[in-house]
Every structure is written in structure tokens, then in C-alpha cells.
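Enquirer: 3D model of this:
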Amino acid sequence: MDGGAPTGRLDGRTAVKLWLRLYRPVSLIERELRSRFQREFGVSLSRFDALSALDRAEDGLLMGELSDRLLVTNGNVTGLISRMVEDGLVTRTALENDRRSFRVELTRAGRETFTRMADAHADWLAELLADLPEPTASTLAGESETLLHSLQHKTTS
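Expert: Residues are numbered from 1 along each chain as shown. This is a model prediction of the structure:
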């Protein structure tokens with residue numbers, strides 16, 4: 001700050017400190033999850049994320065919708081979905097009114113695979129966060145929601 005009246009806004013230095021304090025734990029958790037998904041299921045975290053997004057979408061998703069939910073490019077999703085089609089986890093169907101657009105849906109095998117992975121994922125997170133007291137976890141969850149809402153109108157994605 002410049003020594004003037006408080007604005008209620010973070011200065012750059014404090015914002016960087018906060019960012020690092022948020023990023024480091026998330027990065028450590030993500031790295032561990034990537035390792036465990038590869039070791040236990042032979043898949044990437046990206047594949048799990050795609051299965052998860054499709055599991056929450058009862059009628060499947062358009063490829064563009066899936067890209068948006070995963071925060072990745074259409075090209076990344078196309079390759080990922082092509083491999084998942086080959087593995088029998090999803091179907092990809094062209095829309096009748098626009099043959100360039102595709103809807104992706106989980107197959108029964110995809111849903112069963114996702115359920116096994118989701119159970120393991122929940123157990124891993126419970127293990128990784130076991131030392132965090134419940135009141136602290138609840139506070140962090142609430143404050144994270146506040147942060148998310150404040151960022152949504154400021155970001156380009």
C-alpha cells in the first residue's frame with residue numbers, strides 16, 4: 001500500500017503471498033492425485049475429470065461444453081474423447097442438425113469405471129486431508145466459494 005487510507009483491497013505483495021498459499025497445497029494434492037490415478041488405474045487425471053463431467057451431465061455434453069467445463073481447448077478434448085471412444089468408455093454422436101457438432105455420453109462401462117475411480121478419488125482426498133480439522137475444512141470451503149465468486153466476473157474463461 002502507499003500509506004494512504006485503507007481501501008479494503010489487497011496490495012500486490014499480499015496478493016502474491018495469498019496466491020502462493022492457495023496454489024501450493026492445491027498443486028501438491030493434484031500432483032499426488034495424478035500419480036495415484038496413473039499407478040492405480042493407468043489413466044490421467046484429465047481422463048478422470050472428463051468422466052466426472054460426463055457423469056454429472058445426464059444427457060451427455062457437446063464437445064464445446066466439455067471443453068468449457070474442463071477449462072481446456074477443443075483440440076485437447078478431441079484427442080482425449082477419441083481415446084475414450086476407443087476404450088469403450090464414451091460414445092460420440094454427431095448432431096442431426098449440425099454434423100460438425102458432437103454429443104459425448106458415458107457408456108455403461110464408462111459409468112462403472114468412473115464409479116470405481118470416484119470412490120478411490122474420495123478415499124485419497126480423505127487420506128490427504130485427514131489432518132485438517134473439520135471446522136478448518138468448512139471455513140476453507142466457504143472462503144474458497146467466496147473467492148470463486150469474486151473471480152468469476154474478472155476472468156476471461
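Enquirer: Work out the gap between the longest strand along the chain and the centre of the chain.
Expert: In the chain, with assignment by DSSP state E, the single longest strand is strand 98-106. Computed by Cα atoms, centre = their mean, to the nearest Å, the chain-centroid distance of strand 98-106 equals 21 Å.
Enquirer: Just name whatever secondary elements it is in contact with.
Expert: Packing partners of strand 98-106 (3 or more Cβ pairs under 8 Å, 6 or more residues apart in numbering; DSSP states H and E): helix 45-56, strand 61-62, helix 63-70, strand 90-95. Heads up, the C-betas are built off the backbone N, CA and C, glycines and all.
Enquirer: Identify whichever of these lies nearest to Gly12.
Expert: Closest of the helices and strands packed on strand 98-106 to Gly12 is helix 63-70, at 30.2 Å (criterion: Cβ to Cβ).
Enquirer: Against which helices or strands is the closest one packed?
Expert: For helix 63-70, the packing partners by 3+ Cβ pairs under 8 Å, 6+ apart are helix 45-56, helix 74-86, strand 98-106.
Enquirer: Report the buried residues of the longest helix seen in the chain.
Expert: Assignment by DSSP state H gives helix 12-41 as the longest helix of the chain. Buried positions in helix 12-41, judged by neighbour count with 16 or more other Cβ atoms under 10 Å: 33, 36-37.
Enquirer: now swap in stretch 113-125 and tell me
Expert: 113-114, 117, 120-121, 124.
Enquirer: dump the residue contacts of Asp55.
Expert: Contacts for Asp55 (Cβ atoms under 8 Å, 6 or more residues apart in numbering) come out as 106, 111, 114, 118.
Enquirer: same thing but 10 Å
Expert: 106, 110-111, 114-115, 117-118 (Cβ atoms under 10 Å, 6 or more residues apart in numbering).
Enquirer: now what about stretch 143-156, what contacts it?
Expert: By Cβ under 10 Å, 6+ apart, stretch 143-156 touches 18, 22, 26.
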